[in-house]
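Peer 1: With the input below, show me the fold.
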Amino acid sequence: MVKQIERIRHMGIPGRRVMKNRLRSAALMVLLVLLFYPSLSGAGIYVETLATGRIDWSNGVVEAIGIGVPPRKIANQAQARTLALQQARVLAARNILKTLKTLRIDRDSLAKDMMLKHGFLGDQLKKLVYHAAEREIFFLPRNRVKMILTVGIRCGLADILLPESIREIDHIKGGIPEKKGNSSESREKKAFTGLVIDCRGLKVTPALVPHVLDEEGNEIYGPAIVTRREALRKGVARYEKRIEDALRDPRIGANPLKVKAVRASGRNSCDIVLSNADAARIIETPANLGFLRSAGVIIVLD
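Peer 2: Below is the predicted model:
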C-alpha cells in the first residue's frame, strides 16, 4: 500500500513540473514582447499587448517578434546568421498569425471565428502573413537574430475581414433618420465635422467594426452608415488613449462633437451606447451624415 501511494505521488510530480514550465514559458513570452518592442510610453496611442504580439489600434498595425537561434554545430558565422534569420522570420510569422486570430471583428466575432466559418479566409490570412513587412532586424550576441514583422489591419486585411454589410453604395441602409417637423430647424444647426467618444472607465474593447447605439439600441454609427472605401482606407474608427490627442487629430476636423459614452455593449464589449440626448445631437442634423460616412470617429479608451 505504501509503495502504491509513493508511485502515485511520483506520477503527479511530472505533471506539476510540466504545468510550471508552461506557465514560465507563457510569462517569458509576455516579458519578451514587452522588452523587445519599442517603448510606447507617452505616445498616446492605444496598443493591445498579447503573449504572441501586439495590436496597435491607433495606427492599424499588428506586430510580432521572432528570435532565431542558429544550430550549435555550424560551419561559419555567415551561415549561422542566415539560418537564424530564417528561423526568426518563421517564428515571427507564426506569432503574427496567432495574434491576428484574436483580432476582434465586431460585437460577436473574432478573426478565428470567421476563419472557422469560411475556410478560405485562413489561406488568405496566411498569404498576407507570408508577405509581412520586416519592420526591424536586430543582430544579437551568439549569432542570434530578432525580427519584428508587421501587417496592416486596414486595406488588404480589412477587405478580407470586414463584413459584407459595409458596401460602397450611394444609399445608406438604415441611415440616420431625419426628425419630422424640424427640417428647417435642423438645416439651421451647424453641422459637426467629426465625433469623439470618451469611453474611459467603461471597459470598452477595440474592434474593427464597432457600433455606436442610443439607449434603445438604435444604430447611430456602424457598418450600415460608413462607406467601405473609408473603412478600408482609415478604419471604421480610430482608437486613442488621450482626449487631447483625439481632439487634435485631422480625422475629426475643426468642429468635432465630444460626447461621453454611457456603457459598453455586445458580447465582445466593443459596441458603445450613448445617451439619447447625445445621440439626438448627432442625428438631428442631416449634414452630420457626411463625417459619419467618411469615418470621422475617434474612440478614447483607457
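Peer 1: Could you use CA atoms for every contact and neighbour count after this?
Peer 2: OK.
Peer 1: Show me the contact partners of the helix or strand containing residue 290.
Peer 2: Using DSSP states H and E, residue 290 maps to helix 289-293. Contact with helix 289-293 is made by 176, 192, 193, 194, 221, 225, 226, 227, 230, 252, 283, 297, as judged by Cα atoms under 8 Å, 6 or more residues apart in numbering.
Peer 1: contacts for the host helix or strand of residue 197?
Peer 2: Residue 197 belongs to strand 194-198 when elements are defined using DSSP H and E. Strand 194-198 has contacts (Cα under 8 Å, 6+ apart) with 243, 246-247, 251-253, 255-261, 291-292, 296-301.
Peer 1: re the thing from before, biggest separation within the contacts of helix 289-293, which pair?
Peer 2: Across the contacts of helix 289-293, the longest distance by Cα to Cα is 20.2 Å; it joins 230 and 283.
Peer 1: Please indicate which of the contacts of strand 194-198 are buried?
Peer 2: With burial judged by 16 or more other Cα atoms under 10 Å, the buried subset of those is 243, 246-247, 251-253, 256-259, 261, 291-292, 296-301.
Peer 1: Pull the contacting residues for residue 247.
Peer 2: By Cα under 8 Å, 6+ apart, the contact set of residue 247 is 196, 256.
Peer 1: if you set the cut-off to 10 Å instead, what comes out?
Peer 2: By Cα atoms under 10 Å, 6 or more residues apart in numbering, the residues touching residue 247 are 194, 195, 196, 253, 254, 255, 256, 257, 258, 298.
Peer 1: from the residues you listed, which is closest to residue 205?
Peer 2: Using Cα to Cα, residue 298 comes nearest to residue 205 of the contacts of residue 247, at 13.4 Å.
Peer 1: So the closest one: helix, strand or coil?
Peer 2: strand (DSSP: H, G, I helix; E, B strand; the rest coil).
Peer 1: so what's it bridging to?
Peer 2: Residue 298 has these beta-bridge partners by DSSP bridges: residue 196, residue 238.
Peer 1: Thought residue 244 was touching it, still the case?
Peer 2: No. Taking contacts as Cα atoms under 10 Å, residue 298 lies outside contact range of residue 244: 11.6 Å.
Peer 1: so how far does stretch 244-255 reach from one end to the other?
Peer 2: By Cα to Cα, to the nearest Å, the extent of stretch 244-255 from end to end equals 14 Å.
Peer 1: Stretch 234-247 too?
Peer 2: 17 Å.
Peer 1: Please identify the buried residues of it?
Peer 2: Residues 234, 235, 236, 237, 238, 239, 240, 241, 242, 243, 246, 247 are the ones in stretch 234-247 that count as buried (16+ other Cα under 10 Å).
Peer 1: What residues does the fifth one make contact with?
Peer 2: Under the criterion of Cα under 10 Å, 6+ apart, the contact partners of residue 238 comprise 45-46, 57-60, 196, 206-208, 246, 249, 251, 295-300.
Peer 1: Same question for the fourth one.
Peer 2: In this structure, residue 237 makes contact with 57-58, 195-196, 206-211, 222, 226, 230-231, 251, 292, 294-299, judged by Cα under 10 Å, 6+ apart.
Peer 1: Quick one, grab the pLDDT at it.
Peer 2: In this model, residue 237 is scored at 97, pLDDT.
Peer 1: shift numbering so it begins at 14
Peer 2: In the new count, where the first residue is 14, that last one comes out as residue 250.
Peer 1: Backbone torsions only: list them for it.
Peer 2: Backbone geometry at residue 250, expressed as degrees, to the nearest 10, gives phi -150, psi 150.
Peer 1: before we move on, back to that, now, which of the buried residues of stretch 247-260 lie within strands?
Peer 2: 251, 252, 253 (DSSP state E).
Peer 1: Turn the residues you listed into a markdown table, columns for distance to residue 119.
Peer 2: Listed next are those as a markdown table, based on distance: Cα to Cα, whole Å:
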| residue | distance to residue 119 |
| --- | --- |
| 251 | 14 |
| 252 | 15 |
| 253 | 18 |
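Peer 1: Distance check, residue 137 against residue 179.
Peer 2: 19 Å.
Peer 1: More neighbours: which of these two?
Peer 2: Neighbour totals were compared for residue 137 and residue 179, and residue 179 leads with 22 against 15 (other Cα atoms under 10 Å).
Peer 1: Doesn't the more buried one belong to a helix?
Peer 2: No. Looking at residue 179 with three-state DSSP, it is coil, so not inside a helix.
Peer 1: quick revisit: among the contacts of helix 302-306, which one lies nearest to residue 93?
Peer 2: Lowest distance from residue 93 to the contacts of helix 302-306 (Cα to Cα) belongs to residue 243, with 45.6 Å.
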